[in-house]
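**Student:** Need the 3D shape of this:
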Amino acid sequence: MQQEQAPRWAAVIAVMGGIFLLVTAEQLPIGLLSQVAGSLEVTSGVAGLMVTVPGVIAAFSAPLLPVAVGRLDRRVMLTLLMLVMTLGSVLSALASNFTLLLAARALIGISIGGYWAVAGSLAPRLVPEDKVARAMTIIFGGVAAASVLGVPLGTLLGDFSSWRVAFATLGGFSLLTAVALWCWLPPLPPREPVRLKILAQQFGNRGVRVAVLTTGFVVVGHFAAYTFISPILQQLSGIAESRVGSLLLLYGAAGILGNVAAGMLAGRHPYRAVLLIPSLLLVVVAAFPLLGVQPLSGVALLMVWGAVFGSVSVSIQTWILRTAPNTEAATALMAFVFNFSIGLGAMVGGRVVDATNLPATMWAASLLFLLGALLVWRTPSRIVGEKRR
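**Tutor:** Below is the predicted model:
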């Protein structure tokens, strides 16, 4: 049995490396937006499709790709998806016009959704039961690490060279990760093939349903506000534009710490870990227009914001492992909601900003956090094997 086997930490690290690169690829265009827009002669609004297109495609590939591949070994599937990621990154670097760039970004979207749908459920198959929480922390540490290292370093590389070099470098690291996945992962035949009927059945489970809806509320709310973090820091906190990049590095570092702390808490108390996320985000984001009006207080709130959002993936995935009748199908469903919510949140935030102002956008995001907190609060903690005190 799995509990009697030695933990496969190299495999865990390889899976984390894939998550790191995929999240970096998804968000890197935010840092390179102006450069790409100028190079390919499109507006900044049109250039924003570099984030929207892969996000939407990832949302749909997450539930549909595991269905399409059926009984394909998950080791083979993850390796192939990283090769698709390599191809998409290289084609992005070579794109002669914006249409070709979006086509290349679509390939990356396929990789993001399919990889996330499978990767989140692998920890119990790679390590003994008593080490699953640690493995989950490592795997989803790739999300926070992408924010603190991947996106900023990719942006800096693009600034010093060009956006094409940044995308090509991403392709090179993706190829190395594909090799690592093939060499370090054991054979991983699916325990139960994912079918559309099974996906629908997951949402019928209350634990899965709460996890998925909470993810939607939190991620839409987060990106509705965080997409505009640069003008928020400049206009509300009085921070110079030249310092925003370094502060986002600190934000990502706080996310890594939050991921580690959440991994320890969620392993024992998943209900409390998930309840804390929207509750703390509600307080931080709602208070920002009122308390974050000085550089010091703005930075302090930003760090708390980063730490809390960095805990989302590992906390909710631990909840999924405790409640889902089919963890791979439920993870695929959650990946759909997560990626779709990124694009939806940015779009909603943009509409609110254009119609009102930055504080109103943050309060609108806070309303979504409130709905998420209430949803978890009204859910019996016993569904994840925990009692309220």
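
**Student:** Break this protein down into its domains, please.
**Tutor:** The chain breaks down into these domains under automatic domain parsing: 1-194, 197-380.

**Student:** Columns mean pLDDT on top of these, output as JSON lines?
**Tutor:** As requested, the domains of the chain are exported to JSON lines (pLDDT from 0 to 100):
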{"stretch": "domain 1-194", "mean pLDDT": "87"}
{"stretch": "domain 197-380", "mean pLDDT": "88"}
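
**Student:** helices and strands around the longest helix seen in the chain, which ones?
**Tutor:** In the chain, ranked by residue count with DSSP state H as the criterion, the top helix is helix 9-40. Here helix 9-40 touches helix 44-47, helix 49-69, helix 74-94, helix 98-119, helix 123-126, helix 132-145, helix 151-160, helix 163-184, going by 3 or more Cβ pairs under 8 Å, 6 or more residues apart in numbering; DSSP states H and E. C-beta: built from backbone N, CA, C; applies to glycine.

**Student:** 6 Å instead?
**Tutor:** Helices and strands touching helix 9-40, as assessed by 3 or more Cβ pairs under 6 Å, 6 or more residues apart in numbering; DSSP states H and E, comprise helix 44-47, helix 49-69, helix 98-119, helix 132-145, helix 151-160, helix 163-184.

**Student:** and it, how far from the chain's centre?
**Tutor:** What separates the centre of helix 9-40 from the centre of its chain is 11 Å, taken as Cα atoms, centre = their mean, to the nearest Å.

**Student:** now stretch 48-65
**Tutor:** Stretch 48-65 has its average C-alpha position 12 Å from the chain's average C-alpha position, going by Cα atoms, centre = their mean.

**Student:** And stretch 282-295, by the same measure?
**Tutor:** Average the C-alpha atoms of stretch 282-295, do the same for its chain, and the two points are 24 Å apart (Cα atoms, centre = their mean).

**Student:** can you tell which of the domains of the chain is closest to Glu386?
**Tutor:** Each of the domains of the chain was scored for nearness to Glu386 using Cβ to Cβ, and the closest is domain 197-380 (4.3 Å).

**Student:** Start and end of that closest one, how far apart?
**Tutor:** 26 Å (Cα to Cα, to the nearest Å).

**Student:** Work out the gap between it and the centre of the chain.
**Tutor:** The gap between the average C-alpha position of domain 197-380 and the chain average comes to 10 Å, counting by Cα atoms, centre = their mean.

**Student:** Show me which residues of the longest helix of the chain are buried.
**Tutor:** Going by neighbour count (16 or more other Cβ atoms under 10 Å), the buried part of helix 9-40 is 11-33, 35-37, 39-40.

**Student:** other SSEs contacting the helix or strand hosting Gly207?
**Tutor:** For Gly207, the host element (DSSP states H and E) is helix 206-226. For helix 206-226, the contact count by 3+ Cβ pairs under 6 Å, 6+ apart identifies helix 312-323, helix 327-355, helix 358-377 as packing neighbours.

**Student:** Look up how far Ser161 lies from Thr155.
**Tutor:** For Thr155, the distance to Ser161 (Cβ to Cβ, to the nearest Å) stands at 11 Å.

**Student:** Between the two, tell me which one has more neighbours.
**Tutor:** Neighbours of Thr155 and Ser161, each counted by other Cβ atoms under 10 Å, are more numerous for Thr155; the result is 22 against 12.

**Student:** got a list of what that one touches?
**Tutor:** Taking Cβ atoms under 6 Å, 6 or more residues apart in numbering as the criterion, Thr155 is in contact with Gly31.

**Student:** now do 7 Å
**Tutor:** Shown here is Thr155, whose contacts under the criterion Cβ atoms under 7 Å, 6 or more residues apart in numbering are Gly31, Leu32.

**Student:** where's it relative to Ile108, distance?
**Tutor:** 17 Å.

**Student:** Can you mark which positions in the helix or strand where Gly298 lies are buried?
**Tutor:** Per DSSP H and E, Gly298 falls inside helix 295-309. Within helix 295-309, the residues scored as buried using 16+ other Cβ under 10 Å are Gly298, Val299, Leu301, Leu302, Met303, Val304, Trp305, Gly306, Ala307, Val308, Phe309.

**Student:** Next, the angle helix 312-323 makes with that helix.
**Tutor:** Put simply, helix 295-309 runs at 30 degrees to helix 312-323, going by axes from the mean of the first three to the mean of the last three Cα atoms, to 10 degrees.

**Student:** tilt between helix 295-309 and helix 358-377?
**Tutor:** With the same axes, to 10 degrees as the criterion, the two stretches helix 295-309 and helix 358-377 enclose an angle of 30 degrees.

**Student:** for helix 295-309, packing partners?
**Tutor:** Judged by 3 or more Cβ pairs under 7 Å, 6 or more residues apart in numbering; DSSP states H and E, the packing partners of helix 295-309 are helix 241-268, helix 270-291.
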